[in-house]
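Trainee: here is a sequence together with a model predicted from it:
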Amino acid sequence: MQNFRSKLSDFQREQYRNHDAAARKRARAASKHQSKYV
C-alpha cells in the first residue's frame, strides 16, 4: 500500500507542477495584455 501512496503523491506533484506552469503562463499573458493598454 505504501507503494501506491507514493505513486499517488508523484502523480499529484506532477499535476501541481503542470498547474503551476499554466498559472504562470496565464499571469504572464495577462500582464502583457494589460501593458498593451496602459
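Mentor: Received, thanks. Being a predicted model, the structure only gives us computed values, none of them experimental. Residues are numbered from 1 along each chain as shown.
Trainee: could you give the separation of the strand or helix carrying Ser9 from the chain centroid?
Mentor: For Ser9, the element it lies in under DSSP states H and E is helix 2-37. Mean-position distance between helix 2-37 and its chain equals 0 Å (C-alpha atoms, centre = their mean, to the nearest Å).
Trainee: what mean pLDDT would you report for it?
Mentor: Averaged across helix 2-37, the pLDDT comes to 84.
Trainee: all numbers from here: first residue = 19
Mentor: Happy to do that; since the first residue is 19 now, the last one works out to helix 20-55.
Trainee: so what's the residue count around Ala47?
Mentor: Counted with other C-beta atoms under 10 Å, residues neighbouring Ala47 total 10. The way it works is simple: take the backbone N, C-alpha and C, and place the C-beta from them, glycine included.
Trainee: and Ser27, by the same measure?
Mentor: So Ser27, with other C-beta under 10 Å, has 10 neighbours.
Trainee: try Gln30
Mentor: Counted with other C-beta under 10 Å, the neighbours of Gln30 add up to 10.
Trainee: now do His51
Mentor: Counted with other C-beta under 10 Å, residues neighbouring His51 total 9.
Trainee: contact partners for it?
Mentor: Residues in contact with His51 (C-beta atoms under 8 Å, 6 or more residues apart in numbering): none are found.
Trainee: how much space separates it from Ala40?
Mentor: To Ala40, His51 is 16 Å away according to C-beta to C-beta, to the nearest Å.
Trainee: also Asn21?
Mentor: 29 Å.
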